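> what follows is a predicted protein model with its sequence.
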Amino acid sequence: MGFEIPIEKNSGKIAEVTIGATSEQGGTRSNTITIGGSTALPFLFFEGEHPNRPALAMEVFDKVPAKYPEALLDYYRDVIDKPADMAKKCVEQYGAELISVRLDETHPEKGDRSADEAADVVRQVLDSVKVPLIITGHSHYEKINVVMKKVCEVTAGENCLINYVETDNYKTIAAACMAYNHSIVAQSPIDVNMAKQLNILLSDMNFPSEKIVIDPLTGALGYGLEYTYSIMERIRNDGLAGDSMLAFPMIINPGYESSRVKEVRVTEEEYPDWGDMELRSAYWETATAMSLLSAGSELIVMYHPKAMETVKKHVDELYSAESGN
Amino acid sequence: MALSGLEIFKLLPKTNCKECGVPTCMAFAMKLAQKKADLGECPHASEEARAALGAASKPPIRLVKIGVGARALEVGNETVMFRHEKTFFHQTGLAIRLNASEDEETLVSKIREIENYTVDRVGEQLKADLLFLSQDEAGKDAFLKLIGFAKEHSTKGVILDSRDRESLTAGLEILKADRPAVFLSGDVSDGDFELAKNRSVSLIITGESFESLESRVEKAKKAGIEDLILNLKAPDLGRQFQNNTILRRSALKKNYEPFGYPLLTMVEAENGPDRMAKASVGLCKYASIIVLPRYDKALLYTLFALRQNIFTDPQKPIQVEPKLYSIGDPTPESPVFLTTNFSLTFFLVSGEIENSGTSAHLVVCDCEGQSVLTAWAAGKFTGETIAKFIREIKLEEQVKTRRLIIPGFVSQISGDLEEKLPGWEILVGCQEAADIPSFVKSVSIA
Ligand code: B12
Ligand code: SF4
C-alpha cells in the first residue's frame, strides 16, 4: 500500500541563541546553554533538525513575592528571601539549567530598590551558581532602564539574557546589552505583528540576531493560554516559512503566571471539586508548560519543583524521538 | 485528492435552479470545495458527479459517536492542523479506566463518584465523558458485572476492553442500546467485525506501526465497518507527538482514507504529574479521546481548563451579554461593582462576589469580550466608554447607591471616571477577583 509520511520542508531556520559565557569566552559560567536552531515544527524530527533541547530555568527573587503560594513555599521556605541560596537549591536539587533573577523590588511602587542594590543581588547569584543567568525586570520604563544598565555593566562578559524590552522601551537596554555583550528578550503582548515589529526595531539598531529571544507573553492555563498558544504556533510557522524577523527562539513563564492564579492556592476543603491542592499546583504549571512546549517554546521558566522535574523528564522523552515510528 | 471549486462546478448541472439553497451552481461548488455543503443537497446531481465527488466530498476525518442521548460523545470531523487556521470542532473526550479485577464495592463507588463529578468553569458544566472498562486479568463474570454496574450507575458512553470475544459478545448484549465502542488491542479478524456488525458499535483499532494500523483499518473497511477510531502505539511521548501529527496530516492534507478517523491516546504513567504532562500534549496534539488510568479530580479539573482553552473558537472570545446583573438578592442600596464582558472575567468576578456573601449589582460593560487590562489597553474600558454604558443601561434609575467599585488593575481610570460620572464616587477595588471576599470585609462598600 502507498502510505508515505507526509513531509513538509521549511525554508527557514530558527536562530540559535547561546546564553552564558565560560572563562574562555570572557565569563565565569561552567557551561553555556544554546537554544533554537530548529528547521521544523516542534519535535517533528522526521522532517527537520532540532539541534538543541528546550532549556529549563527556575526563578529567584530580590524580594519575597507578595502572595507567593503556600504550595510552593513548602519547597522554598528556608531560602525564599535569600536569592543566592535559592538559586543554589534550584540548580543543585531541582535541576535548573539557568537561573532567572527577578528584580521586582526595584519597581518604584514595590520597594524602589536602587540599581546598585539590584546589581548586588545579581552578583551574589552569579557567585553562588555557575549556570547562565536570565535577569528579569518589570515595565516601569525609567527605573528599569537605569537598573538594567547597571546590571549589564556589572555582569559584563557573562552573556546574560536580559529580560525584557518592549516596543515602547527598548533602546537604552538594547544598547547596554550590545555594549556589554548580553542577549535580550523582546517582549510583545500576544501579537505576531508586534513581535515582528520589535525585532525589526532591534535589527535596525544592528542588534545581533543570534542574541534575540522572543517573549510572546504567557497567559496561564485558564487565563489566556489559548491566545499565547496560537500566537506561538503562528510565530513559529511564519519563522520556519522564511520570515527571518520571526525566526527566533521563544521564552515562556509558566511558573510566574501559574503562581498568580487561584487554582494553585485554594485547598480541597474550600473547593472539593478541584481536587488535591498539592497535586493541582504542580499540574497547573505542568499543563501550562507542556502545552506551550508543544506550540514551540524553547526556554521555560519554572517555579514548582515537581512540575520542573516532570517537564524536564518529558522534554527528554519528546527529544528522544528521532524517527516517526 | 480534494477537488477545486471549478472542478466540482464542471460536474454540476449548471442550471442555477437554487434548490440547494445557494443562488448558483458555482456558489454551491465553492461550498462543496470548502466542505461546507454536502452533494446530497443538490437533487439534480448526476450519478457520475456523485461517483467523482464521493471520496472528495466526505469529511477527511470521520465523525464517530460513542454513547447515546445527551451524554453521547462525538469526535472527529476536524479540518485543520492548527486552531488559529479556523478552530478545532470536537473537543477531546476524556475516558477513565476501570479494571474488572478490582473489588465490586470499589468499582460501584468509583462509577458513582465519576458519574456525579461535574464542575463549573466559566459557565460551562464540565465532566468526564467515557468509562473505559477493562477486563484486565479478571474472568468473564467479573467483566460482565463491571459492565452491569456501569449500565446501572452511569449515563456515560462506554469503551469495552477485552481480548476474549465471548466476554465481549456478552458485554455488548448488555449494552445493545447504548452505542459503546470496543477497544481492540492487537491484530483484528472477522470475528471482531462480527461484533460490530448490525450493532451501533465503533471499533478502536490498534497498530504497532503505520503499516499494521493501515492494514487493520483496511480489513475493517472491507468488512463494512466505518465507525473506527485509531490507536497507534508509541514507545514514548516524542513518538506519540510525531505519530499523531503524521496521522492527522495524512488525513487532512493527503485525504489518506485509511487514517481519516479520530485518534485515541492511552495515558500510561506511574504518577499524577507524568500523566498530566502526557495528557496535556495529547490534548493539544490531536488526541480525540484520552484514556486516563485512574480517577483524579485535580487532574481532570486541570485538563478541563486546558480543553476549554484549546477548543474555544479563536475567532471570537467567549463573552457574556453586556448589561446590569444581579448577584444574590440586591436591593437598590446594595453595592455596585464594575467589570468587562469577557466570559472568564465575568464568571470569576461574579463567582467571588457570590463567595463574599454580599448581594450586589454588577455592571458588565461592553468590551467586545476582552479582559480588564486588554480592554483598557485597547481603549474600550475608559472613563468615557464606561460612563456612556452606564447611562445606556439607565443605572441611576435602578440603584440608589452612588458608589462604583472598579477593578484594581485599572485604578488609573478612577479620576477620569469620576469626572465623566458626576455624582458618583469611584472606589478602587482589589486587583484579583479572589480577594473580593476579603476586600468586601475590610472596607465599607455600599
Ligand atoms: C489573553 C490576553 C490578550 C488577548 C485577549 C483576551 C481577551 N479576551 O481579553 C489578546 C491576544 C487578543 C490580547 C490583545 C491585546 N493585549 Co492583551 N493580554 C492578555 C493576557 C495574557 C491575559 C488577559 C486575561 O485573559 N486575563 C484573565 C482575566 C480574567 O483577567 P481580568 O479581566 O483582568 O480579570 C481579573 C481581575 O482584573 C479581577 N477583576 C476583574 N473585574 C473586576 C472587578 C472588580 C470590581 C474587582 C475588584 C476585580 C476585578 O478579576 C479577574 C481575576 O483576578 C494579559 C497578560 C496577563 N498575563 O495577564 C495581556 C495584557 C492584558 N494585554 C495587554 C495589551 C497591551 C494588549 C494589546 C493592546 C496589544 C496590542 N496592541 O495588540 C491588545 C489589545 C486588544 C486590541 N488591540 O483589540 C497588556 C496590557 C498592558 C497594561 N498594563 O495596560 C497585558 C497586561 C500584557 C502586558 N503585560 O503587556 N491580549
Ligand atoms: S440544486 Fe444543483 S442544479 Fe440547482 S443550483 Fe444548486 S447545484 Fe445547481
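Thanks, I have it. Ligands and ions are numbered 1, 2, ... in the order given.
> CA only for contacts and neighbour counts going forward, please
Will do.
> residue A:75 in helix, strand or coil?
helix (DSSP: H, G, I helix; E, B strand; the rest coil).
> same question, residue B:133
Secondary structure, three-state DSSP: residue B:133 is strand.
> got it, and residue B:347?
Residue B:347 is classified as helix under three-state DSSP.
> contact partners for the closest residue to it other than its chain neighbours?
With sequence-adjacent residues excluded and distances taken as Cα to Cα, 6 or more residues apart in numbering or on different chains, residue B:347 is closest to residue B:122, at 5.4 Å. When contacts are counted by Cα atoms under 8 Å, 6 or more residues apart in numbering or on different chains, residue B:122 touches B:343, B:344, B:347, B:348.
> ok, of the residues you listed, which one's closest to chain A?
Relative to chain A, the closest of those is residue B:344; by Cα to the nearest Cα it sits at 7.7 Å.
> same list (the contacts of residue B:122) but as CSV, adding distance to residue B:148 and pLDDT.
As requested, the contacts of residue B:122 are exported to CSV (distance: Cα to Cα, whole Å; pLDDT from 0 to 100):
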residue, distance to residue B:148, pLDDT
B:343, 40, 92
B:344, 40, 91
B:347, 39, 93
B:348, 40, 93
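> helices and strands of chain B: which one has the lowest mean pLDDT?
Across the helices and strands of chain B, mean confidence by mean pLDDT, DSSP states H and E is lowest for helix B:47-57: a mean of 73.
> next helix or strand past that helix?
Using DSSP states H and E, the next helix or strand after helix B:47-57 towards the C-terminus is strand B:64-66.
> what ranges do the helices span in the stretch 51-200 of chain A?
Assignment of helices within the stretch 51-200 of chain A using DSSP state H, counting those that start in this stretch yields the ranges A:70-76, A:83-92, A:115-128, A:141-154, A:171-180, A:192-204.
> so which elements touch the third one?
By that I understand helix A:115-128. Packed against helix A:115-128, as judged by 3 or more Cα pairs under 8 Å, 6 or more residues apart in numbering or on different chains; DSSP states H and E, are the following elements: helix A:83-92, helix A:141-154.
> ok, residue B:302 - contacts?
For residue B:302, the contacting residues are A:280, A:283, A:284, A:287, by Cα under 8 Å, 6+ apart.
> what of residue A:173?
A:145, A:148, A:149, A:165.
> out of the residues you listed, which touch ligand 2?
Among the contacts of residue A:173, no residue sits close to ligand 2 (Cα under 6 Å from any ligand atom).
> tell me the one of those nearest residue B:211?
residue A:165 (50.0 Å; Cα to Cα).
> what's the closest non-adjacent residue to the closest one?
Residue A:165 sits nearest to residue A:186 (Cα to Cα, 6+ apart), 5.2 Å away.
> what about residue A:279, how many residues nearby?
20 (other Cα atoms under 10 Å in any protein chain shown).
> need the residues of chain A near ligand 1, please.
With the criterion set to Cα under 6 Å from any ligand atom, chain A comes near ligand 1 through A:189, A:190, A:191, A:218, A:219, A:223, A:224, A:227.
> hmm, which two among these are most spread apart?
The largest separation in those, counting by Cα to Cα, is between A:191 and A:223 at 16.4 Å.
> from residue B:40, how far out is the residue nearest to the spatial centre of chain B?
Centroid-nearest residue in chain B, with Cα atoms, centre = their mean: residue B:91, separated by 2.9 Å. According to Cα to Cα, to the nearest Å, residue B:91 and residue B:40 sit 27 Å apart.
> what does residue B:176 give?
Distance check for residue B:176 against residue B:40: by Cα to Cα, it reads 31 Å.
> could you do residue B:228 as well?
Taking Cα to Cα as the criterion, residue B:228 is separated from residue B:40 by 23 Å.
> those two - which one has more neighbours?
Using other Cα under 10 Å as the criterion, residue B:228 and residue B:40 rank with residue B:228 on top: 26 against 11.
> pull up the gap between residue A:290 and residue A:233, please.
Using Cα to Cα, residue A:290 is found at 14 Å from residue A:233.
> show me which of these two is the more surrounded one.
Taking other Cα under 10 Å, residue A:290 and residue A:233 do not tie; residue A:290 has more neighbours (27 against 22).
> and that one, what element?
Short version, using DSSP H and E: residue A:290 is in helix A:277-295.
> same for that helix, what does it pack against?
In terms of contacts (3+ Cα pairs under 8 Å, 6+ apart), helix A:277-295 is packed against helix A:70-76, helix A:225-240, helix A:254-259, helix A:305-320, helix B:272-284, helix B:297-311.
> I'm done for today, thanks for sticking with me.
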